[in-house]
Structures are given as structure tokens and as C-alpha cells.
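**Q** Give me a 3D structure for the following:
(2 chains)
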Amino acid sequence: DTAVSQTPKYLVTQMGNDKSIKCEQNLGHDTMYWYKQDSKKFLKIMFSYNNKELIINETVPNRFSPKSPDKAHLNLHINSLELGDSAVYFCASSHPWTSGGDTQYFGPGTRLTVL
Amino acid sequence: ELKVEQNPLFLSMQEGKNYTIYCNYSTTSDRLYWYRQDPGKSLESLFVLLSNGAVKQEGRLMASLDTKARLSTLHITAAVHDLSATYFCAVEADKIIFGKGTRLHILP
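**A** Numbers count the residues shown, from 1 in each chain, chains lettered A, B, ... in the order given. Here you go, the predicted structure:
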């Protein structure tokens, strides 16, 4: 009965490869997010989707492409991986704040290591 | 440009003591978040503060917001070892910006 799940938990890959991280939530939330936490523990929001529509798209390289096939899923695809992409990526979900939602529920994180 | 500053970045304190973590931000904000992160773990949402004067409490943690001063505080009362973690504030305006986090270590 996991609320927000991510797969894989660990991902080790070579530079130049393409990889995807999947996120699923069973909370019935409308809004989903991707965050990046670097090796210094700095956190940055990358994307936010509401009802499958992109609402926040921070300044991230266009090698990163989120895809939301439905409200319960927000996947992150990364092309041409670079060393600097190594980080922990967190998915989260919430009800939209415009309808009174606020608390975000985070997935366990995916630790991406690019060699 | 929205900037968020947390202080202190590191804090080591004895059990039973009180302390406050500060979160300053540079522009008007729609809402302010506090999160907790244990080492190697995910983030846990603690509080969301929406309006000036908002105060929320959960156990030994209390968060407040002063939008005029652009300041939020996270107050820890009678700290216990289980509260050892990293605490982040995040401010939402047209984007969400996180502070650098406060690593809190509570000595038994």
C-alpha cells in the first residue's frame, strides 16, 4: 500500500546512455513533481504536472523530458546522460493547492550514478 | 529573483534544549514549506504556511510565518534525539526554491 513509488531505486549507467525513472502514486492526487537532490544535498524542483499537464518547467536541460501517461504516473526520461546528472531524484504528489491541497508526499528516491 | 536562506546550516544541541531554525526569503511568496529528511531517506512534509501570522504545531515542532519580514521559523521545544535530521524550508512564488537545509544533531 505504498503511496508514492519510484523505480528503480538505484540506477548506475554510462555517460551518453538514455534512461527512465518511473513514478506512480495511489493517493488520487492531481499534481505530481520531480525534484533533484545533488551530492551537496541541495534540492531543486524540476517539473510539476497537474492533471497530466505541465505547470512548472524549471531551467533544466532539454535532455530531461517528463511524461505523464495518466494522473497517477509521472515518468522522467533522460537522454544522453552526463556526469553532472548524478543525483537522487525524488517524485512527489499532492492535491493542487488551488483546491486547498498542500502536503506533498514523496517517493523513496532514485539514486542515479553516471559513470 | 527569489532567494531562500536558512540558518544555521549545522546545529548540534543537547536533548531537552530549545532552538530555532530561521528561513529568510527575498520576494513575496504564495506559501512556505518545511520538510524533514533523515540521512539516506526521502523527504517528509512537516508544515505548509500560507498567510502572515500562520502558526502550526506538531509535537515538539512549531512553525511560524511573518510575510512582512519574509521570515519563517521552525522552533524545537525540549529536543529529543529522534528529531535529529536535516530540515529544509522551501518558498513558493512563481517557482519553488529550497533553502540549503539545516543539519540538526541532537546529543543524548
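
**Q** Kindly confirm my reading that residue A:55 is in a strand.
**A** Yes: using DSSP: H, G, I helix; E, B strand; the rest coil, the assignment for residue A:55 is a strand.

**Q** Which residues are in contact with it?
**A** A:31, A:48, A:49 (Cβ atoms under 8 Å, 6 or more residues apart in numbering or on different chains). Glycine gets a C-beta too; all of them are placed from N, C-alpha and C.

**Q** Can you name the residues bridging to the first one?
**A** It refers to residue A:31. Beta-bridge partners recorded for residue A:31 (DSSP bridges): residue A:50, residue A:94.

**Q** do you know how far it is from residue A:51?
**A** Using Cβ to Cβ, to the nearest Å, residue A:31 is found at 8 Å from residue A:51.

**Q** Which of the two has more residues huddled nearby?
**A** Neighbours per residue, other Cβ atoms under 10 Å in any protein chain shown: of residue A:31 and residue A:51, the larger number sits with residue A:31, 23 against 12.

**Q** In this structure residue A:20 contacts residue A:76, no?
**A** Yes: applying Cβ atoms under 8 Å as the test, residue A:20 and residue A:76 come out as touching, 6.7 Å apart.

**Q** Which one's more surrounded, these two?
**A** Each of residue A:20 and residue A:76 has its neighbours counted (other Cβ under 10 Å); residue A:76 has more, 22 against 13.

**Q** which SSE is the more buried one in?
**A** strand A:73-78 (DSSP states H and E).

**Q** so what secondary structure elements neighbour that strand?
**A** strand A:19-25, strand A:31-37, strand A:43-50, strand A:64-70, strand A:87-94 (3 or more Cβ pairs under 8 Å, 6 or more residues apart in numbering or on different chains; DSSP states H and E).

**Q** element containing the residue nearest to residue B:74 when sequence neighbours are not counted?
**A** Once flanking residues are discounted, residue B:74 sits nearest to residue B:21: 4.4 Å by Cβ to Cβ, 6 or more residues apart in numbering or on different chains. Secondary-structure element containing residue B:21, defined by DSSP H and E: strand B:19-25.
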